[in-house]
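>>> would you be able to build a 3D model of this:
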Amino acid sequence: MTPLVSRLLAIASQTVDAGARIIFIAGPQGVGKSTAMATLTAAIPGSVALALDDFYLTRAEREALARDVHPLFATRGPPGTHDIALSMETLTRLMAARPEDRIRVPVFDKAADDRRAPADWTVVRGAPRVIFVEGWVLGVAADPAAAEAPPLNAVEARDADGTWRAYQEAQLAGPYSRLWDVADAFIYLDAPGFAAVQDWRIEQEETTRGLAPGTLDAARCDWVAGFILHYQRLTERLLAGHRRPGAAIAVDRYRQPV
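Okay, the predicted model is just below:
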């Protein structure tokens, strides 16, 4: 068990002992959320883990959003690209489940960039005692002024009139805020800065492709560098503390608690 996971397990256990049933765990891409979930659910009896990523809109729904609101919504991840109603419905059903129940939880296929058919969804058996939800954007606060701010990077430069950012902020102030209200507690895994997120995302790409560290080709590294710009503004907002109250674990670029 890594020092980060050990620290997270200690905080999560204390939070559960204090009576929390739904715990949101937020952290930037590549910090180690998914890996930590396996340890938490193995160590805390009766717990299950969900990922906000599994509640992305279908590809057809995101294509419609890109057509009707802004082309940047073709890329999954930012607020507005999740099915918040489905996530809240799923949490409600899990919280009300009986020992004999079987609750289906969506699964998003990132390789296909689409939600899997219901027959391929995960089945949660029985009534969970604790539900962990992990995601990069959980808990972040809305900032209506962001739509009028100067573009932060090359991706935002493609949103010259602020339409993409304004829609995200409206989503954060509305449906996403209502989802945050469902959580009994938040735990944040804080990166040392946005630059570390790019390094971690490249490491993720190498792992996914079965490559040795440092061997991802330059073209794919450039793709990663552009891709994560979609998340820069909100990642930095989270790291600056503009978020729901909660426990926090700061890590260095090697993911070691500091």
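>>> please count neighbours and contacts with C-alpha atoms only from this point.
Will do.
>>> check the offset of stretch 28-39 from the chain's centre.
Computed by CA atoms, centre = their mean, to the nearest Å, the chain-centroid distance of stretch 28-39 equals 10 Å.
>>> try stretch 242-250
Relative to its chain's centre, stretch 242-250 lies at 14 Å (CA atoms, centre = their mean).
>>> ok, now stretch 74-93?
With CA atoms, centre = their mean as the basis, stretch 74-93 stands 10 Å off its chain's centre.
>>> the chain: strands as residue ranges?
Secondary structure of the chain (DSSP state E): strands at 22-26, 47-51, 102-105, 108-109, 114-115, 122-125, 130-135, 185-190, 247-250.
>>> as TSV, those with mean neighbour count and distance to residue 59 would be great.
Below are those laid out as TSV (neighbours: other CA atoms under 10 Å; distance: least, CA to CA, whole Å):
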stretch	mean neighbour count	distance to residue 59
strand 22-26	24	24
strand 47-51	21	18
strand 102-105	18	18
strand 108-109	18	10
strand 114-115	20	5
strand 122-125	15	20
strand 130-135	22	19
strand 185-190	24	29
strand 247-250	16	33
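>>> how far away is residue 228 from residue 38?
Going from residue 228 to residue 38 by CA to CA, to the nearest Å gives 25 Å.
>>> which one of those two has more residues nearby?
When residue 228 and residue 38 are compared for neighbours, residue 228 comes out ahead with 17 against 13, by other CA atoms under 10 Å.
>>> now do the contacts for that one.
Residue 228 is in contact with residue 198, counting by CA atoms under 8 Å, 6 or more residues apart in numbering.
>>> re earlier: please produce CSV containing the strands of the chain, extended by distance to residue 238.
As requested, the strands of the chain are arranged in CSV below (distance: least, CA to CA, whole Å):
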stretch, distance to residue 238
strand 22-26, 9
strand 47-51, 18
strand 102-105, 27
strand 108-109, 25
strand 114-115, 27
strand 122-125, 30
strand 130-135, 12
strand 185-190, 8
strand 247-250, 11
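>>> go through these and name the closest to residue 212.
Smallest distance to residue 212 across the strands of the chain (CA to CA): 24.1 Å, for strand 108-109.
>>> sorry, back to before: can you put the strands of the chain in TSV and add mean pLDDT and distance to residue 142?
Shown next, in TSV, are the strands of the chain (pLDDT from 0 to 100; distance: least, CA to CA, whole Å):
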stretch	mean pLDDT	distance to residue 142
strand 22-26	97	16
strand 47-51	97	21
strand 102-105	97	27
strand 108-109	96	26
strand 114-115	96	27
strand 122-125	96	31
strand 130-135	97	16
strand 185-190	97	17
strand 247-250	97	20
